[in-house]
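Student: No sequence on hand, only this structure:
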């Protein structure tokens, strides 16, 4: 069984592959989500499928209705000017703000939605500047988000 960190890495890499136009044959649609993972003969059966989880994350990102061009945030302005080292601060600020404006939205879910949506936005503008390690370390380094994912039963049960 992979550790949380290893699973996070696989999920984020699958998300990047999808966002940055990876090999279409490796991508699966959300419709396949309910069918569960396809196990290879040499692998033991598992409920963790990074591509399916990445598609769920992308769907969560789609729920974020922020217009990043109109949001007032110093960290976001820096990110939009190419300073990707400000990405974690921008996500933190936007997540807190969005969560506070929508009481039914827990911070951890807002964090995941905003980080994916901002990642998609920045990837379209300057794809060479974003790297999976940035999002991997943000998720693994945020104990609240990690506890939230583990509380859902792990990545494989996130947003089920």
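Tutor: Yep, that arrived. Since the model is a prediction, treat every value here as computed from it, not as a measurement.

Student: Ramachandran angles for the spatially most central residue of the chain?
Tutor: Residue closest to the average C-alpha location in the chain (Cα atoms, centre = their mean): residue 116, at 4.2 Å. For residue 116, the backbone dihedrals (degrees, to the nearest 10) come out as phi -70, psi -40.

Student: just residue 103 next, same as before
Tutor: Main-chain dihedrals, residue 103, degrees, to the nearest 10: phi -60, psi -30.

Student: what about it, how many neighbours?
Tutor: Close neighbours of residue 103, defined as other Cβ atoms under 10 Å, add up to 7. C-beta: built from backbone N, CA, C; applies to glycine.

Student: hmm, back to that, how about the residue nearest to the centre of the chain: what's its closest non-neighbour residue?
Tutor: residue 61 (3.1 Å; Cβ to Cβ, 6 or more residues apart in numbering).

Student: Next, the contact list for that neighbour, please.
Tutor: The neighbours of residue 61, taking Cβ atoms under 8 Å, 6 or more residues apart in numbering as the test, are 112-113, 115-117, 119-120.

Student: ditto for residue 139
Tutor: Here residue 139 is in contact with 8, 12, 112, 115, 145-146, 149 (Cβ under 8 Å, 6+ apart).

Student: List just the nearest of these to residue 95.
Tutor: residue 115 (7.5 Å; Cβ to Cβ).

Student: Low-confidence ranges, this protein, go.
Tutor: For the chain, residues meeting the criterion pLDDT under 70 lie at 22-46, 160.

Student: Quick check: closest non-adjacent residue to residue 94.
Tutor: residue 114 (4.7 Å).
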